[in-house]
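In: sequence and predicted structure are below.
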Amino acid sequence: MPRRISFAPQISGAPGQPIVIASAPGQQAHLNGTLALGSIQYVHLIRLEIGDLNWDPLQQKHVNDTAVNTGRRGPQVINCNIFGGAMGMGVWRPAIDLEVYGT
């Protein structure tokens, strides 16, 4: 069975200087697929739609990875619409200063 591979950005900001990935106010930005944030630091995701538009809840067409997986320092997921992953949003113990709201 085909496997959907997550987008896994390799970017990091710094304390007080985060990298912000956001849609323009009043606009939509959609990431079609899943997103793994396991190695980023100080990256803020704001007003994004993150999900598999070809989502198969029974995973008969393909196996899908987790929608968002955080595991480093300072990430924020703010006012995002996350859908269509194998388990939704996973947050692991190593996630330090993680902030998620409005999602």
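Out: Cool, got the structure.
In: any stretches of this structure with poor pLDDT?
Out: Within the chain, the ranges that satisfy pLDDT under 70 run 1-5, 57, 59, 61-71, 85-88, 93.
In: mind listing the strands for it?
Out: For the chain, applying DSSP state E gives strands covering 3-4, 19-22, 29-32, 43-46, 48-51, 63-64, 68-70, 76-78, 81-83, 89-91, 99-101.
In: can you put those in JSON lines and add mean neighbour count?
Out: Where C-beta positions appear, they are placed from N, C-alpha and C, glycine not excepted. Putting the strands of the chain into JSON lines (neighbours: other CB atoms under 10 Å) gives the following:
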{"stretch": "strand 3-4", "mean neighbour count": "15"}
{"stretch": "strand 19-22", "mean neighbour count": "14"}
{"stretch": "strand 29-32", "mean neighbour count": "14"}
{"stretch": "strand 43-46", "mean neighbour count": "20"}
{"stretch": "strand 48-51", "mean neighbour count": "20"}
{"stretch": "strand 63-64", "mean neighbour count": "18"}
{"stretch": "strand 68-70", "mean neighbour count": "23"}
{"stretch": "strand 76-78", "mean neighbour count": "20"}
{"stretch": "strand 81-83", "mean neighbour count": "16"}
{"stretch": "strand 89-91", "mean neighbour count": "17"}
{"stretch": "strand 99-101", "mean neighbour count": "13"}
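In: reformat those as CSV; add distance to Ser12.
Out: CSV is the format used below for the strands of the chain (distance: least, CB to CB, whole Å):
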stretch, distance to Ser12
strand 3-4, 24
strand 19-22, 7
strand 29-32, 18
strand 43-46, 7
strand 48-51, 18
strand 63-64, 26
strand 68-70, 13
strand 76-78, 13
strand 81-83, 21
strand 89-91, 18
strand 99-101, 16
